[in-house]
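> coords below, sequence missing:
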């Protein structure tokens, strides 16, 4: 394993084996496994869990890490090929990223999309321009349309709570004051489909997941015995649900148009997940969210503070799942 | 020992034992004592000494640490219970803090008060909302009305210079362009009282320490043979002083009212500690300050650069004292 | 060796020995050489290579490091002696720097000049005010008129590519939207002269290197058999060149006057290094740049992406050369 950029780059069995490794490292720590190894972490966007859990996970395996944040202590970086750099960016990723890679044994990169062109973001134009520069071990810390570390942690969380492999996984759109990226909805949908679940994407009109994301999830579902469908009908989606995965994202009908998006979402403040949503769900239906979550805006206190919330376990599993990724990348099989 | 939040949570003997441990680690380093342990450091406010000394101290014990700064690389955090989060804060401390704690073995938190309500800040409303979320080893890196790490380092500094246990400790208000928190004045007063000193709080009218802080210090003094009083009379206070602890703080008569505070302090620029202040003090009277200090505004160059200043030793003792705290929290007795 | 502030503080043989040590550590890593040692890194200005390579290099030798960035998580610092600190800076370097030094075994400081007075910047007024406070191992991470870590890495890069000791080294001014410091041009000129090269400073009128910098380089050249001259004639300079070291810097004729500088450089956008510049250079003439570089503004894509560019090797050598410096400072000979 040389890169961890997308769960879809792996067979289902390989992900299952990676989760087995995560559980093994959780049960039997190996505090010197990565002694002498260095992880570089490059953050073009804010982070709490990723920033802390990768540093902590690397340390728990005996390695070290450094963090670079362009625009905060480090230079703003240009990503466009051929750019005439007479603006704010002092450094091009074509220099900066190979340089950072030369200092470390593995590099993690967080680079959201620009949220202007759906085609660019789905195609990971900007992220691929960076990853193409390297053949060193590389980790996607969240790109325009993917977040494989979150997906891996979420899969482990489903396993930890013994959520049935074929259970109903409802990815529900939730309200947020502004448009957020598609990375987590895309990754969660694909992950649950790859796990073999009955995936239902519940979202208001104008927020349907783009066809390429649905198709990718459906390919994974086809291989694992799962299914993927979309609906705007909450009652239909939530009946018998084993998991509600709440997530905020921007309008796909008005992608890259914040004003049109804002007009559409203004009427959708009711999409705050409340306990009443779970009336017809399975008795022990779980509430998942990748965090950060805006309380009483996306999800109500009563749900987050109640027994069905597993958001803390998801976050803790970030570190545990990523330790398995680091182990495979830096120590091998 | 599971928490280090307030010197008042401990018996005097326990603090003395902690300082003994600090001196032992200073004399005989234990570079592997905390191997494999991880310290999380969460800073809601700026820092130099705390930020550097905890990282360095943890490393000197063989452990590692990570730093999270909401608003600088990490999300702004909400602290109010029940908040409808449709503003700037993307994450609530109810998620963020337990998540960070799950990645580390001990968590340190710096969270100043909001300087709006004296009752809230004295009651540590915001800090307690965070610490109540955890039962993991926890360190107060400075809250609204406390700074136990500074107090512990200051106590060690008094010992290092053999300042008499019953000596006169003058906490003197010093000028600053704007209102600063009560954390250090509160902690220093209580510490010196707990050590058994004759504590005099010297301050202009309008800047008296709030009654609950004085009462807390007096309880400590009663147990240790010390005393605590306030005065606005500089000659009275400084006569025979063994220590002048200079500190800037906001008007308590106009707490949370920056305009009224500014009008009051405009006439107080003379409260810059100068060598002449020490004319009737004990011959080797020390100048203490927690730093950062504004030169020639709060304390004159002639004092800071002269032989009575022990501010460097105080700062160095931050690391040494904190190493004892980390040792007790993470290795036990 | 107790300080690494300027290549000129060392004999040529000492630098050669330091580079031998760098090559030895590159070939035969010593992952425990600096176990238990702590490096403090203080950045008054942005950084990517220095920030990452010192942390990574220290880790590769078994040590640890911490980073302090005044104004980003830490207090703004005052440098002027005698300042009445009633402005933005909360801490004076006279407190802050010795405090940080007391937490670590070696301290690195990056502090550019103020770009107001040429005399102050050439005299390193501000940097010397900091280094005079300490006798602890100290590293210049780039000051107003020096960058010895870059110079050492560049020397190693010249060796790595077997550039002849007496070869022609052309430091060429390159266009940038605004004035940049003299640190790298000064350090590169001096380094190449000290190596024994034929150094030519190619720059437009108004951008000549200040006489003290040329004199310093000529003294080094005299001792090593090299030479140093300036010219504005590109054809003359580049004929037979073995190295073109591109670098942007501010007008020395209008130092500290951004408007006059801007008027002068407006006509100089043609000073973007292109492949055509190398028509009469030596066949394997190298392109060097310390990075960050503005593509298609200072240097064209065709050069940076072509075979003559060694900028990645320069950057990688930062870590390797600095590991030798850390080794000498913290482990001795």
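Thanks, I have it. Please read all numbers here as calculations on a predicted model, not as lab measurements.

> how about the residues of chain A near chain B?
A:31, A:43, A:46-49, A:51-53, A:55-57, A:59-60, A:64, A:67, A:69, A:72, A:177, A:291-297, A:301, A:304-305, A:311-312, A:315-316, A:319 (Cβ under 8 Å from any Cβ of the partner chain). Placement of C-beta: from N, CA and C, glycine included.

> mind listing which of these are in helices?
Judged by DSSP state H, the subset of these located in helices is A:49, A:51-53, A:55-57, A:59-60, A:301, A:304, A:311-312, A:315-316, A:319.

> closest to residue A:186 among the residues you listed?
Nearest to residue A:186 among these is residue A:49, at 18.1 Å by Cβ to Cβ.

> the closest one: what's it in contact with?
Taking Cβ atoms under 8 Å, 6 or more residues apart in numbering or on different chains, we find residue A:49 in contact with A:291, A:315, A:318, B:99.

> tell me how far it lies from residue A:315.
Using Cβ to Cβ, to the nearest Å, residue A:49 is found at 5 Å from residue A:315.

> can you check residue A:28 too?
22 Å.

> for residue A:271, same thing?
Applying Cβ to Cβ to residue A:271 and residue A:315 gives a distance of 23 Å.

> which residues of chain A fall in helices?
A:12-27, A:49-60, A:93-103, A:118-122, A:125-131, A:148-160, A:183-195, A:211-224, A:234-238, A:258-265, A:301-304, A:311-331.

> sorry, back to before: residue A:28 and residue A:315: who's more crowded?
Per other Cβ atoms under 10 Å in any protein chain shown, whichever of residue A:28 and residue A:315 has more neighbours is residue A:315, with 27 against 7.

> let me have the helices of chain A in a markdown table, adding distance to residue C:216 and mean pLDDT as columns.
Shown next, in a markdown table, are the helices of chain A (distance: least, Cβ to Cβ, whole Å; pLDDT from 0 to 100):
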| stretch | distance to residue C:216 | mean pLDDT |
| --- | --- | --- |
| helix A:12-27 | 55 | 98 |
| helix A:49-60 | 42 | 98 |
| helix A:93-103 | 29 | 98 |
| helix A:118-122 | 50 | 97 |
| helix A:125-131 | 40 | 94 |
| helix A:148-160 | 51 | 98 |
| helix A:183-195 | 53 | 98 |
| helix A:211-224 | 61 | 98 |
| helix A:234-238 | 74 | 98 |
| helix A:258-265 | 55 | 97 |
| helix A:301-304 | 64 | 98 |
| helix A:311-331 | 45 | 98 |
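
> what's around the nearest residue in space to residue A:230 that is not next to it in sequence, how many residues?
Take residue A:230 and drop its neighbours on the chain: the residue closest to it by Cβ to Cβ, 6 or more residues apart in numbering or on different chains is residue A:201, 4.4 Å away. Other residues near residue A:201 number 27, with proximity taken as other Cβ under 10 Å.

> what bridges to residue A:201?
Judged by DSSP bridges, the bridge partners of residue A:201 are residue A:171, residue A:230.

> so it touches residue A:209, yeah?
Yes: using Cβ atoms under 8 Å, residue A:201 is in contact with residue A:209, at 5.6 Å.
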